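Enquirer: kindly generate the corresponding structure for this input.
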Amino acid sequence: MGLLDGINGPADVKAIPAERLDDLAAEIRTFLVESVSRTGGHLGPNLGVVELTIALHRVFDSPKDAIVLDTGHQSYVHKLLTGRHDFSKLKKQGGLSGYPNRAESEHDVVESSHASTSLSWAEGIAKARVLSGQSDRHTVAVIGDGALTGGMAWEALNNIAVDTDLPLVIVVNDNERSYAPTIGGLADHLAALRTTRTYERMLDWGKDTLQHTPVVGQAMFETLHGVKKGLKDIVAPQQGMFEDLGLKYVGPVDGHDVGAVEQALTRARDFGGPVLVHVITQKGRGYQPALEDLADHMHGIGKINPETGLPFEVSGKIWTDEFAEEMVRVGQERPDVVAITAAMLIPVGLDKFAAAYPERVFDVGIAEQHAVTMAAGLSFGGMHPVVAIYSTFLNRAFDQLLMEAALHKQGVTLVLDRAGITGSDGPSHNGMWDMAIASIVPGLRLAAPRDGQQVVLQVREALDVDDAPTVVRFPKGDVAEPLTAVAQRGGLDVLLDTPDAPDVLLVGVGAMCATALGVAEKLAAQGITSRVIDPRWVLPIAPALVEEARAAGQVVVIEDGLVTNGVGQALGFALRDAAVATPLRTFGVPQEFLEHASRGQVLDAIGLTPDVIATKLIADLT
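Expert: Next comes the predicted model:
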């Protein structure tokens, strides 16, 4: 039986002899490669934090001590060390979540996988324990250098630094990357720290040499140590950035030396105030295919051959590919088009545009608020910026969308990837809030392409709008087969028509157009006539859609956003204002957090399938 097999919790980790810890780390890496290659998941980040996580659980006493991970995609090692060894259904229905999950374990504190939140969580937890007299409990936040680019992290640091007695340890897991290489001033600062070892070497020399010098050696070392602040300013001035904030700085520490990390964490834990421990790690450590993957070191993978690191199946064209290719074409035609990404150049498909027009792409780090406001400024300056982010991350920039882009009527286009149900990444990654958010923004126009061809067309249409923000949203996964319109009326695409007024007007939103056609087919089998409409630009509601509704017996909206405050509700308000009495029913995503499962399983669970919708409509109409 291996060392990992005997670990059911942190106490077992502490019991392993120090000389066997490298063996444990090797077992964990082997387990991760073999398991994640079968299921898919976040491989590279977890390979990089093996020794760090071992040290955390040897120094701190989880769950008595709170360990907050930011973001949670590097929690696999933490799961293993807290007794969760069944990775056979990782990120699948009924299996382990790909992020910390309170329902799984008392050792999981924060479930969100949105970056840059850990320091605020940790400060709150630490303050609560101080106020309640729990002086024997520690709090530690583990934040990557990528997540540290987020503004919220610096807001938290600003507050943490002034509470000099707060027992809080901040571990900066510095691997020079988020998804891609970390950029910006902070990245330059950390790079300088990584290469500045003079101060540590000088103190090591003083400790080892001067203290052994007869008579005067100890006094000389104490003098040297006493002027350490001055020495730091001379030989390692970069450390002052953190210490001038009021944070004790420890590091940089080799994150793959368990003993060194343990020693640093122990010093930080016992200090009695906020301490920042700078740990240098290597993403993809110990797995050659990950190290050779220069794009993102196998940040997130599907099922792969563990021997080669190559996927078993070549994936088809995905929605993101359609956007990526169109941006390159647009870039050639329009020099005013620029692009902004929030540390996700490759995942959102801007890498091809960046290769062709590097001076017209801006990676702002994990800072969606800054991205949208910067976009407003670029628009004011005569550019047309495209902000490409995951749909779920629009939530973080709502105020900027409303007050900077919309209020000032700036021509900014937001392209939202992974809209609707994403499934396996769990509740924090479903892109189910974007249309509800967008529906209350004055002047905003939102397009929901039904297929790849429409992505191409509607991105171009969005770029032609220069007096208001526009949004183009599409889902995760393989792109849908093209759905050809049989007619066009008032800007609407008619996908299925009937010569007379239909019993049911089915309004499909984006990828849900295929579902609407499936519902129409099942209704037709029961003698119920349908007309299927793709509004294309779903917000604001087109007048032509109101007139189509006026002639129908019933209106049904099918959308993959929240059933409340989405397109259906907006259409309901438009019908009321136009005195249209046609009954309206909306099928969408319920207002609840949805557990991780495949996209199809989630859609089944919430009843957003042709079978379920048709069955309910038939029951109403017959």
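Enquirer: all contacts plus neighbour counts: C-alpha atoms, from now on.
Expert: Noted.
Enquirer: so where's this protein shaky on pLDDT?
Expert: In the predicted model of the chain, residues 1, 177-241, 244, 313-314 satisfy pLDDT under 70.
Enquirer: in it, which helix is the longest?
Expert: If you go by DSSP state H, the chain has its longest helix at helix 21-39.
Enquirer: quick check: what element follows that helix along the chain?
Expert: Toward the C-terminus, helix 21-39 is succeeded by helix 44-47 as the next helix or strand (DSSP states H and E).
Enquirer: hang on, the earlier thing: and the longest helix of the chain, what does it pack against?
Expert: In terms of contacts (3 or more Cα pairs under 8 Å, 6 or more residues apart in numbering; DSSP states H and E), helix 21-39 is packed against helix 44-47, helix 50-59.
Enquirer: point to the residue nearest the middle of the chain.
Expert: To find the centre residue of the chain, average its C-alpha atoms and take the closest one (Cα atoms, centre = their mean): that gives H114, at 5.0 Å.
Enquirer: let's verify that residue: helix, strand, or coil?
Expert: coil (DSSP: H, G, I helix; E, B strand; the rest coil).
Enquirer: quick one, what contacts it?
Expert: Applying Cα atoms under 8 Å, 6 or more residues apart in numbering, we find H114 in contact with 70-71, 393, 428.
Enquirer: now, which of these sits nearest Q601?
Expert: Of all the contacts of H114, the one with the least separation from Q601 (Cα to Cα) is S428, at 16.8 Å.
Enquirer: what's the distance between the closest one and V77?
Expert: S428 sits at a distance of 21 Å from V77 (criterion: Cα to Cα, to the nearest Å).
Enquirer: neighbour-wise, which of these two wins?
Expert: Shown here are S428 and V77; by other Cα atoms under 10 Å, V77 has more neighbours (24 against 20).
Enquirer: contacts only, for the more buried one.
Expert: Under the criterion of Cα under 8 Å, 6+ apart, the neighbours of V77 are 28, 46, 49-50, 53.
Enquirer: pick the one among these closest to Q526.
Expert: N46 (53.1 Å).
Enquirer: the residue lying closest to the closest one once chain neighbours are set aside: neighbour count?
Expert: Residue nearest to N46 in three dimensions, not counting chain neighbours: Q74, with 4.8 Å by Cα to Cα, 6 or more residues apart in numbering. Neighbour count for Q74, taken as other Cα under 10 Å: 26.
Enquirer: gap between Q74 and V49?
Expert: In this structure, Q74 lies at 7 Å from V49, with Cα to Cα as the measure.
Enquirer: buried residues in stretch 50-66?
Expert: Going by neighbour count (16 or more other Cα atoms under 10 Å), the buried part of stretch 50-66 is 50-63, 65-66.
Enquirer: what does that stretch contact?
Expert: Identification of contacts with stretch 50-66 by Cα under 8 Å, 6+ apart yields 10-11, 13-14, 25, 28-29, 77-78, 81, 106-107, 109, 125, 137-140, 255-259, 261-262, 265-266.
Enquirer: out of those, which are buried?
Expert: Applying 16+ other Cα under 10 Å to the contacts of stretch 50-66, the neighbour count classes 10, 13-14, 25, 28-29, 77-78, 81, 107, 109, 125, 137-140, 255-259, 261-262, 265-266 as buried.
Enquirer: next structured bit after the strand ranked longest in the chain?
Expert: If each strand of the chain is counted by residues according to DSSP state E, the longest one is strand 554-562. From strand 554-562 onward toward the C-terminus, using DSSP H and E, the following helix or strand is helix 567-577.
Enquirer: other SSEs contacting that next one?
Expert: strand 537-539, helix 543-550, strand 554-562, strand 584-589.
Enquirer: good, we can wrap up now.
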